[in-house]
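Undergrad: coords please:
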Amino acid sequence: MSDETRDDRQLLAAAVHDWAAAIVSNDPARIADFMADDWVIVSESGMSAREQFLQLVESGDLTHSSFQLVGEPRIGLYGDSAVVTVRITNTAHYKGERFDADEWTTDVFVRRDERWRCVLSHITPAART
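TA: Have a look, this model is predicted:
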């Protein structure tokens, strides 16, 4: 593994942990710092754009009190693109109603202006055993 590849893996792993901390901060600017302008999230309820997600956070309609990685992320590097997959447990409140989730997340990152930015997040509920 080259030094550059090792460095990129470390940067991406750190970004995933830092992004989790940003989500719990409920600070839209801090969260946005990890997203590309064209970021979208896909879940069982459909697709939401960056602006829509950040507006929910800014309004206080969406908050997170917990966002924990379960294990270390799997990171695949493909030139200036990367795919990061990790299991996450979180506690969120949407319009005052609490939601606890155990999900697999897959994030697609691209290198832009010497930084890794997420362009796509996909969440899938983890199977209950």
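
Undergrad: Who are the packing partners of the helix or strand of the chain at the bottom of the mean pLDDT ranking?
TA: Sorted by mean pLDDT, DSSP states H and E, the helices and strands of the chain end with helix 3-25, the least confident at a mean of 93. Packed against helix 3-25 by the contact rule (3 or more C-beta pairs under 8 Å, 6 or more residues apart in numbering; DSSP states H and E) you find helix 28-32, strand 62-78, strand 81-94, strand 97-112, strand 115-125. Quick note: C-beta positions are derived from backbone N, CA and C, even for glycine.

Undergrad: between those, which one is nearest to His17?
TA: For these, the distance to His17 is smallest for strand 62-78, at 6.8 Å, taking C-beta to C-beta.

Undergrad: Now do the closest one: distance to the chain's middle.
TA: Here strand 62-78 is found 6 Å from its chain centre; the criterion is C-alpha atoms, centre = their mean, to the nearest Å.

Undergrad: ditto for stretch 24-31
TA: On C-alpha atoms, centre = their mean, the centre of stretch 24-31 falls 12 Å from that of its chain.

Undergrad: Just grab the bridge partners of the nearest residue to Asp80 once chain neighbours are set aside for me.
TA: Spatial nearest neighbour of Asp80, excluding adjacent residues (C-beta to C-beta, 6 or more residues apart in numbering): Arg111 at 4.1 Å. Legend: beta-bridge partners of Arg111 under DSSP bridges are Trp116.

Undergrad: OK, contacts around Arg111?
TA: By C-beta atoms under 8 Å, 6 or more residues apart in numbering, the residues touching Arg111 are 80-81, 117.

Undergrad: Tell me the spacing between Ala32 and Leu77.
TA: Relative to Leu77, Ala32 is positioned 24 Å away (C-beta to C-beta, to the nearest Å).

Undergrad: Below-threshold pLDDT in the chain: ranges please.
TA: The model of the chain has pLDDT under 70 over residues 129.

Undergrad: sorry, back to before: minimum distance to Glu51: which of the helices and strands packed on helix 3-25 has it?
TA: Closest to Glu51 of the helices and strands packed on helix 3-25 is helix 28-32 (C-beta to C-beta; 9.5 Å).

Undergrad: Thank you kindly, that will do.
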